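Chemist: how does the following fold in three dimensions:
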Amino acid sequence: MRLLMAYENSLSRDFAARHLANSDADVRITTAASLAQSIELANQLPMLDAVALDLEMPDLDGLTGLRRFRQKCRHPAPIALTGAQSGAITASALIAAGGAGFLPYHMSPDALLGALRVLAAGERYLPADMVVRRGVPAGDIILTMREHDVLSGLRSSLSNKEIADNLSLSEVTVKHHIKSLRGKLGARNRVHAVCRANELDIR
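Modeler: Numbers count the residues shown, from 1 in each chain. Purely as a prediction, here's the structure:
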């Protein structure tokens, strides 16, 4: 998996290049310090599976920079924004701008790599606080296709391994999807997630 990760902070770039890349032999990471450099480096790569752009980069300017990267990059790779919090950026605005996800700074290394794999597989990764707000209608809760697939498995009382086998995913990825489902649905556990989905008429 080839990733481009652009951070304003040099320590974050060093962490991505060293720790994340070394944690999985399948992962190769190119780092950048600005939007301009991100575009330049992306267009030099022979392939690109996913991109993370830091909201703190001075030349990013939020969704404007995301749109610019999408227009200038020759690869159709999914793009996620990353930052301490999404702020005023909503899930619908992010998707409309061509984004595929948001990666909070506080994610653990394993969770971050898991989210990037979800993006590289063509899915969206949206933290619960971007898609579930107090008082938000159920129709505004956005589940990805894979989350719907996993939810179907939970409804059938399948184990994580059985869901993983049925969907040709790893158990780690299935656990990641279940955690995301629980967050979006405000559920305490997998059984509660099914109950919440039924209450909200999410199919």
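
Chemist: need the next SSE after the helix or strand bottoming out on mean pLDDT in the chain, C-terminal direction.
Modeler: In the chain, no helix or strand scores lower on mean pLDDT, DSSP states H and E than helix 128-131, which sits at a mean of 66. With elements assigned by DSSP states H and E, the helix or strand that comes after helix 128-131 is helix 145-155.

Chemist: quick one: buried residues of that next one?
Modeler: By 16 or more other CB atoms under 10 Å, the buried positions in helix 145-155 come out as 146-147, 149-154. Yep, even glycine has a C-beta here, placed from its N, CA and C like the rest.

Chemist: so Leu113 sits in a helix?
Modeler: Yes. Leu113: assigned to a helix according to DSSP: H, G, I helix; E, B strand; the rest coil.

Chemist: residues touching it, list them.
Modeler: 20, 23-24, 27 (CB atoms under 8 Å, 6 or more residues apart in numbering).

Chemist: which of those residues are buried? Put it as a ChimeraX command.
Modeler: Under the burial definition 16+ other CB under 10 Å, those of these that qualify are selected in ChimeraX by:
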select :20,27
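
Chemist: give me the neighbour count for Asn22.
Modeler: Using other CB atoms under 10 Å, Asn22 has 10 other residues around it.

Chemist: hmm, back to that, which ones among the contacts of Leu113 map onto helices?
Modeler: Judged by DSSP state H, the contacts of Leu113 include no members of helices.

Chemist: in TSV: the contacts of Leu113, plus distance to Thr173.
Modeler: Output for the contacts of Leu113, formatted as TSV (distance: CB to CB, whole Å):
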residue	distance to Thr173
Leu20	17
Ser23	16
Asp24	13
Val27	15
